[in-house]
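1. no sequence for this one, just the structure:
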């Protein structure tokens, strides 16, 4: 394995691993705060039980997210020191701000998880809300940094060096905010559907449990509304990509030829040798409409980019199709759920719908990972678009296959243990007696002066 | 001293100091978990675990802050360090991952004692290795062997850190963390017998710290000759070293007299001064003999922006930290964490 390939694989693997925990860290706190808020309002013990269960999940997953995130901050230098030496000053600001957001998150998560009996109910709920907000802020800052790699701004390039760096302008790069919103919504969508699916599975086994009814309602509310909003966010991101990163858009769409009234391709396999995308369903003028909101707009194809500056078109196109396909499906499921609940009453009494939720549970995360494949592979061969090549950024350290294998093994073990622990502690039906016991102890505690 | 790079370097040193004083003690706790013995073995482990559980993640973030401020404000130094010290840093992050994950795994593997012990052992071993790596990196930065030209490490990937001096600094760092943890735990223990256990541990590790300090100083003669020569010249460094020694003796005496809160304050000052003494003797170099603080720094506007953002961040951060400490470290051990 070549060193550059090993470095890219290690980075990709570390990101794929960390993003799952990061996304859950964004979404689960919001869900647990909603559950706790509903408990404070209704005094229905099932809500408290849901909040406590999710808090336990957050405790395990946040710890793994925190350490795998630390690994990434080091890996930026360990694998790409020349990129960091070159651009550290330009992307350092969002990472520094992210550091403070992460700090706030860790502090108030500690208070939330271990302060049930030490702070008042209102403060406890507020601590949870701070965790939820700072999780969103963390995700936003990291995406702003990644956005800069896609659409670098806020500097002048003089003799191959970045000069006159304006960190605030770098922060306001065109790709940053649309990417950040897309990622935050994706986190809510992925974690919401995953949680709803898990509870749906449990309710199919234990039909009458109120606990799951409350959990599914909250998870579906968060995941479903994010899925619907994602359509708007995706459109904004696609238009930004069309303007600023035409090569990436062309690869996403398998669009080889520049033309006006470009068709939208659904599915298909791009072949870079014949420069054609076969077996796809083509919607005339669709891409021009979506990318520029005009049916006759000219959309740049891959032919405008020299062949050696193409990303891996096949990978980018397929990953994009997976993301969009899943996104569309989850929107349909969300709208269907609204219709079903409105016309036919409680969703929990519809076994077919619950089965559908179970099938959907991993899909949000598949879409989220595919989206990152689109944006990262789609930027290649550049680490900073049109400024620095990935191959010029890699470390001179030889033998990079070793750490790649080491970290892959390590993360596989961690993933196995996390799944096992979650199935034992979080993914299990509590008995009615347990729900009452949790609530009973809590009422007693909060009754203290 | 008004130059922004000096200001940011001071902030960086401050963050590192807080990481050592707070996060360092969490590593030390892991080592004491490994070394727990005697009739109160289980109680010792529980005390350590309860002291670390609610705060370790927040304490850990100081390191993240050090790393991001380092690459944001001193990108050239970050690139050189991550290139030449790739191997100890890789071991360091593996240690960080193992420490953090095994700690939560242990907490949630309730019921199965053997598996729980296995995670406890992983936690303890990772808590030992990680501080050594951290010390090795710091020692290597002082040794003058971190030379990177055009992205290539002149001394290869072993010589910059594989030597007596960096390894001595690694062991010195470990002993400091272990000492800090033992001193903190004398304050956190409610049970007098447990308090005595950790008082004894603190005294023993205090002696080890002194021995390690002498060992590191001797190793510096060949391992970090510039710093060694600097230490022999009368300067501000002497005052700092003198104060360090005074606080070290103060901490020791306070432990002997069972004045635990005094001992804690003295130990914290001692460790902080060791770090600042290192910084001072290294100054003006970031990488000894190779790259000064000014050479490593980004352009002034970038630095000012970072300083502004950091100060704004600290304004939110410090009240939050104080509130957390008050919630978990204010003599309310009778209230369970769960």
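-> Yep, it's here. None of the values given here were measured: they were computed from a predicted structure. Numbering: from 1, shown residues only, chains lettered A, B, ... in the order given.

2. With adjacent residues omitted, what lies nearest to residue A:63?
-> Distances taken as Cβ to Cβ, 6 or more residues apart in numbering or on different chains put residue B:104 closest to residue A:63, at 4.3 Å, once the chain neighbours are dropped. Bear in mind the C-beta positions are built from the backbone N, C-alpha and C, glycine included.

3. residues in contact with that neighbour?
-> Residue B:104 sits next to A:59-60, A:63-64 when contact means Cβ atoms under 8 Å, 6 or more residues apart in numbering or on different chains.

4. Can you lay out those as JSON lines showing neighbour count, pLDDT and distance to residue B:59?
-> Shown next, in JSON lines, are the contacts of residue B:104 (neighbours: other Cβ atoms under 10 Å in any protein chain shown; pLDDT from 0 to 100; distance: Cβ to Cβ, whole Å):
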{"residue": "A:59", "neighbour count": "21", "pLDDT": "87", "distance to residue B:59": "16"}
{"residue": "A:60", "neighbour count": "22", "pLDDT": "87", "distance to residue B:59": "19"}
{"residue": "A:63", "neighbour count": "24", "pLDDT": "88", "distance to residue B:59": "13"}
{"residue": "A:64", "neighbour count": "26", "pLDDT": "90", "distance to residue B:59": "17"}
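
5. now the residues you listed in a markdown table, with secondary structure?
-> Formatted as a markdown table, the contacts of residue B:104 follow (DSSP: H, G, I helix; E, B strand; the rest coil):
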| residue | secondary structure |
| --- | --- |
| A:59 | helix |
| A:60 | helix |
| A:63 | helix |
| A:64 | helix |
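
6. Flag every residue of the stretch 251-400 of chain A that's near chain B.
-> Taking Cβ under 8 Å from any Cβ of the partner chain as the criterion, the neighbours of chain B within the stretch 251-400 of chain A are A:395-398.

7. Just the buried residues of these.
-> Buried subset of these (neighbour count, 16 or more other Cβ atoms under 10 Å in any protein chain shown): A:395-397.

8. The residue in chain B positioned nearest to chain A - how many residues pack around it?
-> At 2.1 Å from chain A, residue B:72 is the closest residue in chain B, using Cβ to the nearest Cβ. If you count neighbours by other Cβ atoms under 10 Å in any protein chain shown, residue B:72 ends up with 30.

9. Now it: closest residue in space, sequence neighbours ignored.
-> residue A:92 (2.1 Å).

10. what's around that neighbour, how many residues?
-> 30.

11. Return the residues in contact with it.
-> Applying Cβ under 8 Å, 6+ apart to residue A:92 gives the contacts A:167, B:68-69, B:71-73, B:75, B:298, B:302, B:306.

12. Does residue A:264 touch residue A:283 like I think?
-> Yes. When contacts are counted by Cβ atoms under 8 Å, residue A:264 is listed as touching residue A:283 (4.3 Å).

13. The residue of chain A found nearest chain B: helix or strand, and which one exactly?
-> At 2.1 Å from chain B, residue A:92 is the closest residue in chain A, using Cβ to the nearest Cβ. Using DSSP states H and E, residue A:92 falls within helix A:81-114.

14. who's in contact with residue 321?
-> No chain was given, so I picked chain A. Residue A:321 neighbours (Cβ under 8 Å, 6+ apart): A:266-268.

15. my question was about chain B
-> Here residue B:321 is in contact with A:107, B:58 (Cβ under 8 Å, 6+ apart).

16. quick one: the helix or strand containing residue A:56 to chain centroid distance?
-> Residue A:56 is part of helix A:45-79 when elements are defined by DSSP H and E. In terms of Cα atoms, centre = their mean, to the nearest Å, the centre of helix A:45-79 is set 14 Å apart from its chain centre.

17. Please name every helix or strand in contact with it.
-> helix A:3-42, helix A:81-114, helix A:210-244, helix A:401-425, helix A:432-446, helix B:56-73, helix B:75-84, helix B:86-108 (3 or more Cβ pairs under 8 Å, 6 or more residues apart in numbering or on different chains; DSSP states H and E).

18. ok, now with 6 Å
-> helix A:3-42, helix A:81-114, helix A:210-244, helix A:432-446, helix B:56-73, helix B:75-84, helix B:86-108 (3 or more Cβ pairs under 6 Å, 6 or more residues apart in numbering or on different chains; DSSP states H and E).

19. Columns mean pLDDT on top of the ones you listed, output as CSV?
-> What follows is these, written out as CSV (pLDDT from 0 to 100):
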stretch, mean pLDDT
helix A:3-42, 93
helix A:81-114, 92
helix A:210-244, 93
helix A:432-446, 62
helix B:56-73, 90
helix B:75-84, 92
helix B:86-108, 91
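
20. Specify the stretch among those that is closest to residue B:12.
-> helix B:56-73 (5.3 Å; Cβ to Cβ).

21. Grab the nearest non-local neighbour of residue A:371.
-> Leaving aside its chain neighbours, residue A:371 sits nearest to residue A:323 (4.8 Å; criterion: Cβ to Cβ, 6+ apart).

22. secondary structure element for that neighbour?
-> Residue A:323 belongs to helix A:313-344 when elements are defined using DSSP H and E.

23. What residues sit buried inside that helix?
-> Result for helix A:313-344 [16+ other Cβ under 10 Å]: buried residues A:313-328, A:330-331, A:333-334, A:337, A:341.

24. Next secondary structure after it?
-> With secondary structure assigned by DSSP H and E, helix A:313-344 is succeeded by helix A:351-360.

25. Which other helices and strands does that following helix contact?
-> Applying 3+ Cβ pairs under 6 Å, 6+ apart, we find helix A:351-360 packed against helix A:176-205.
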